[in-house]
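A.B. asks: I need the structure of the sequence given here:
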Amino acid sequence: SLKLIQSCKRERTLALTFGGGPRSWTQTILDELRNNSIKATFFVNGHSDPDFCIYDYAEIILQMYNDGHQIAHHTWSHPHLGQVSPDEIKYQIDWLDVAFLKILGVTPRFIRLPFGEAMNYPELREDLIRRGFKFFALWDVDTNDYLGNVTNSEILFLNGINDTNPHIILSNDTLKITADELVPFYIEQAKNLNYSFDTVAGCNGIHNKNYWYKFIRELQQRDKTWVCTRDDIHG
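C.D. replies: This next block holds a predicted model:
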């Protein structure tokens with residue numbers, strides 16, 4: 001089965017999640033998380049923008065993994081999966097898995113589909129289950145950081161966590177303002193409310209890494225296949 005996760009279970013715990021990246025400033029996020037001994041979850045794309053290719057950020061992804069953050073699947077190029085053909089769904093999952101295997105030697109068992117869709121598409125759910133996915137991860141606090149309004153995102157974050165209940169926070173490491181301004185704000189304000197932090201898996205009591213990843217083989221050395229092309233983005 002494919003279990004839906006929308007929040008954290010552990011009391012007074014936040015799961016910070018970052019989608020769509022990584023980018024060069026994801027390093028700033030990783031440094032901030034490390035300085036505060038925080039583990040987070042990164043929903044990684046492959047080639048979702050003409051100027052972004054996962055292989056250019058292989059070292060950052062490897063650092064995420066080695067630092068103990070959770071890496072999860074967010075499709076190759078971020079389409080509306082409920083609106084594409086079965087062949088395109090296969091491509092969107094498999095092509096990103098190829099990259100994960102090259103860079104990490106594992107493939108994720110957690111997935112967040114673009115725009116938080118897919119729970120309404122039974123055939124898509126069945127396909128994901130066949131592919132070995134275990135968890136479909138959403139969120140319950142959206143910072144709307146993609147709009148580029150720092151003050152608005154800060155208000156949404158504070159309004160979301162003021163109840164001191166456990167939450168999963170949606171944000172995007174595609175934005176420099178998230179790395180430079182919002183992440184330090186999230187951490188400081190959450191600590192003021194005595195929150196602790198964990199990954200999406202960890203805050204739901206899923207600590208066995210065999211439920212996070214399929215461990216397949218050793219990571220690979222970079223070669224000429226570690227590239228994105230203009231055609232592979234599929235619109």
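
A.B. asks: from here on, contacts and neighbour counts on C-alpha atoms
C.D. replies: Noted.

A.B. asks: quick one: terminal-to-terminal distance for stretch 209-224?
C.D. replies: 30 Å (Cα to Cα, to the nearest Å).

A.B. asks: So which residues make contact with it?
C.D. replies: 70, 101-110, 134, 201 (Cα atoms under 8 Å, 6 or more residues apart in numbering).

A.B. asks: in stretch 227-235, what counts as buried?
C.D. replies: For stretch 227-235, the neighbour count (16 or more other Cα atoms under 10 Å) marks 228, 232-233 as buried.

A.B. asks: Pick out the most distant pair among the contacts of stretch 209-224.
C.D. replies: Across the contacts of stretch 209-224, the longest distance by Cα to Cα is 23.3 Å; it joins 102 and 201.

A.B. asks: Mind giving me the packing neighbours of the longest helix anywhere in the chain?
C.D. replies: Ranked by residue count and defined by DSSP state H, the top helix of the chain is helix 86-103. Secondary-structure packing of helix 86-103 (3 or more Cα pairs under 8 Å, 6 or more residues apart in numbering; DSSP states H and E): helix 58-66, strand 106-108.

A.B. asks: Just send the ones you listed back as JSON lines, with mean pLDDT and mean neighbour count too.
C.D. replies: Listed next are the helices and strands packed on helix 86-103 as JSON lines, based on pLDDT from 0 to 100; neighbours: other Cα atoms under 10 Å:
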{"stretch": "helix 58-66", "mean pLDDT": "97", "mean neighbour count": "17"}
{"stretch": "strand 106-108", "mean pLDDT": "96", "mean neighbour count": "24"}
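
A.B. asks: Columns distance to residue 215 on top of the ones you listed, output as JSON lines?
C.D. replies: Shown next, in JSON lines, are the helices and strands packed on helix 86-103 (distance: least, Cα to Cα, whole Å):
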{"stretch": "helix 58-66", "distance to residue 215": "13"}
{"stretch": "strand 106-108", "distance to residue 215": "5"}
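
A.B. asks: residue ranges of the helices in this structure, please?
C.D. replies: According to DSSP H, the helices that the chain contains are 26-35, 58-66, 86-103, 122-130, 150-161, 176-177, 183-192.

A.B. asks: quick one, which of these is nearest to residue 6?
C.D. replies: With Cα to Cα as the criterion, residue 6 lies closest to helix 150-161 of those, at 13.7 Å.

A.B. asks: Mind listing what's buried along the closest one?
C.D. replies: Within helix 150-161, the residues scored as buried using 16+ other Cα under 10 Å are 150, 153-154, 156-158, 160-161.
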